[in-house]
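Novice: pasting the sequence and the predicted model now:
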Amino acid sequence: MHYSEYLELDKILNAQHPESSKAGHQPAHDEMLFIVIHQAYELWFKQIQFEIDSVIAIMSKPALNDNSPELQTIVHRLTRVCTILKVLVQQIDIMETMTPMDFLDFRDMLRPASGFQSWQFKKLEATLGLKFENRHGKEYYTSQLKETEVAVIREAENTPSVIRLLNGWLERMPFINDNAYWINYQPVSGNHQSPVFWSDYEYIYVNSLAEAEKNNEASFKQVFNDAPADSSRSLSTKACRSALFIMLYRGYPMLELPFQLLDRLLEIDNQLANWRNRHINMVQRMIGTRIGTGGSSGAGYLKAAMDKHSIFKEIAQLNSFLIDRKQLPVLPKELTDKLGYH
């Protein structure tokens, strides 16, 4: 085995063919940088998809074994995805060494090619859980793709996503769904209505709200109390209860990895937002208010997508329902024994 053969460097290093270097054009020095940066992006997208696919394969098992290395593997690979996304944000620093005039030397030669045609990124969004109906510009988001690329994205949209599998995993968490753990629980509110913990927690939460926050009571009931299913939401009432419980009592050993899993998903959303924000600023710096090479509204499209394409926002919104640690209900011994080391 030889280094260059193993990495197929002949293919990689000969895959840059600047349009400006072709006959009849004036060579534009920065086009090589533009090509290499975008090729690097696509390679990183491929690696991220590889990691996410492996996470989905584990979470798709009939019953994820939380006492096995599987959950740790999921957290580890999601951590790697977060780290790669940070690199994608940092690569924009290199791109920004190109000035607007440097870009104009070759920009018009690229039409109608555009980053909007990155089918790998669209597939990645779908795999994580971005629903078609929640996409900005959904009426034309595949209009510039090849038929084979559209087919790949449609297949991803019809395959269980990370957030859908997360919902199923959270729903089966036994700690707040098994009444056997709560026989000796002493409610602060004096209300023994089942589920006793949530009746108690709602009482503590509502009484902790400032006057300007009173509208949060209605939001709490909508998210955590049994009500008709909201088709626009990705996480069920049961899943939201489990996720908040994990956030509240994450100090217990049994909940450390589950909390890290939720935290990594939030960080993925955060890094995607950082990447989009840096991209917006770069586009505004490069082309101002001009349209993108693919015909989109340029920075305007990117801003709207950043605001709408938050995949794990329902997890982030749960932070609105946290209470002061000192007010947390004291868990019964039957439950803390299960949550601690055995």
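Specialist: All right, it came through fine. As the structure is a computational prediction, the values presented were derived from the model and not from experiment. Residues are numbered from 1 along each chain as shown.
Novice: give me the below-cutoff pLDDT ranges for the stretch 1-150 of the chain.
Specialist: Along the stretch 1-150 of the chain, the parts satisfying pLDDT under 70 run over 137-140.
Novice: what's the closest non-adjacent residue to Glu96?
Specialist: In space, Glu96 comes closest to Met282 once its chain neighbours are excluded; the distance is 6.0 Å by C-beta to C-beta, 6 or more residues apart in numbering. All C-beta atoms are positioned from the backbone trio N, CA, C, and that covers glycine.
Novice: distance of that neighbour from Gly129?
Specialist: 27 Å (C-beta to C-beta, to the nearest Å).
Novice: so which of those two has more stuff around it?
Specialist: When Met282 is set against Gly129 and neighbours are counted by other C-beta atoms under 10 Å, the residue ahead is Gly129, at 21 against 17.
Novice: now do the same contact list for that one.
Specialist: With contacts taken as C-beta atoms under 8 Å, 6 or more residues apart in numbering, Gly129 has the following neighbours: 161-164, 234, 311-312.
Novice: what about 10 Å?
Specialist: 157, 160-167, 234, 265, 311-312, 314 (C-beta atoms under 10 Å, 6 or more residues apart in numbering).
Novice: same question for Ile163.
Specialist: Ile163 is in contact with 127-131, 234-235, 239, 265, 311-312, 314-315, counting by C-beta under 10 Å, 6+ apart.
Novice: tell me which two of those residues sit farthest apart.
Specialist: Farthest-apart pair in these is Thr127 and Ala239; separation 19.1 Å (C-beta to C-beta).
Novice: tell me where the stretch 201-342 of the chain is predicted with low confidence.
Specialist: Short version for the stretch 201-342 of the chain, where the test is pLDDT under 70: 226-229, 288-302, 342.
Novice: the helices in it, which residues?
Specialist: For the stretch 201-342 of the chain, the helices identified by DSSP state H, counting those that start in this stretch occupy 216-224, 237-248, 253-287, 299-308, 313-316, 333-339, in order along the chain.
Novice: buried deepest among those, which one?
Specialist: Highest mean neighbour count among the helices of the stretch 201-342 of the chain (mean count of other C-beta atoms under 10 Å): helix 237-248, with a mean of 21.
Novice: alpha carbons of that helix, as PDB, please.
Specialist: Backbone C-alpha positions of helix 237-248 (Å, rounded to 0.1, in the frame of the first residue of the first chain) are rendered in PDB as follows:
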ATOM      1  CA  THR A 237     -45.700  15.300  25.200                       C
ATOM      2  CA  LYS A 238     -44.200  12.200  26.600                       C
ATOM      3  CA  ALA A 239     -40.800  12.800  24.900                       C
ATOM      4  CA  CYS A 240     -40.800  16.400  26.100                       C
ATOM      5  CA  ARG A 241     -41.400  15.300  29.700                       C
ATOM      6  CA  SER A 242     -38.500  12.900  29.500                       C
ATOM      7  CA  ALA A 243     -36.100  15.500  27.900                       C
ATOM      8  CA  LEU A 244     -36.900  18.100  30.600                       C
ATOM      9  CA  PHE A 245     -36.500  15.500  33.400                       C
ATOM     10  CA  ILE A 246     -33.000  14.700  32.000                       C
ATOM     11  CA  MET A 247     -32.100  18.400  32.000                       C
ATOM     12  CA  LEU A 248     -33.300  18.800  35.500                       C
END
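Novice: now for it, which elements pack on it?
Specialist: The criterion is 3 or more C-beta pairs under 10 Å, 6 or more residues apart in numbering; DSSP states H and E, and the helices and strands that helix 237-248 contacts are helix 162-171, helix 196-208, helix 216-224, helix 253-287, helix 313-316.
Novice: 8 Å instead, please
Specialist: Using 3 or more C-beta pairs under 8 Å, 6 or more residues apart in numbering; DSSP states H and E as the contact definition, the elements that helix 237-248 packs against are helix 162-171, helix 216-224, helix 253-287.
Novice: would you turn these into JSON lines with distance to Asp178?
Specialist: Supplementary listing: those in JSON lines, determined by distance: least, C-beta to C-beta, whole Å:
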{"stretch": "helix 162-171", "distance to Asp178": "13"}
{"stretch": "helix 216-224", "distance to Asp178": "18"}
{"stretch": "helix 253-287", "distance to Asp178": "14"}
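Novice: for the ones you listed, which one sits closest to Val152?
Specialist: Distance to Val152, taken as C-beta to C-beta, is lowest for helix 162-171 among these, at 17.2 Å.
Novice: tell me the mean pLDDT over that closest one?
Specialist: For helix 162-171, mean pLDDT rounds to 95.
Novice: in it, what's buried?
Specialist: When neighbours are counted by 16 or more other C-beta atoms under 10 Å, the buried residues of helix 162-171 are found to be 162-167, 169-171.
Novice: just the CA coordinates for it, please, in PDB.
Specialist: Extracted in PDB, the C-alpha atoms of helix 162-171 (Å, rounded to 0.1, in the frame of the first residue of the first chain):
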ATOM      1  CA  VAL A 162     -32.500  11.600  14.000                       C
ATOM      2  CA  ILE A 163     -35.200  13.700  15.700                       C
ATOM      3  CA  ARG A 164     -37.900  11.100  15.000                       C
ATOM      4  CA  LEU A 165     -35.700   8.300  16.500                       C
ATOM      5  CA  LEU A 166     -34.900  10.600  19.400                       C
ATOM      6  CA  ASN A 167     -38.600  11.000  20.100                       C
ATOM      7  CA  GLY A 168     -39.000   7.200  20.300                       C
ATOM      8  CA  TRP A 169     -36.000   6.900  22.600                       C
ATOM      9  CA  LEU A 170     -37.300   9.600  25.000                       C
ATOM     10  CA  GLU A 171     -40.800   8.200  25.000                       C
END
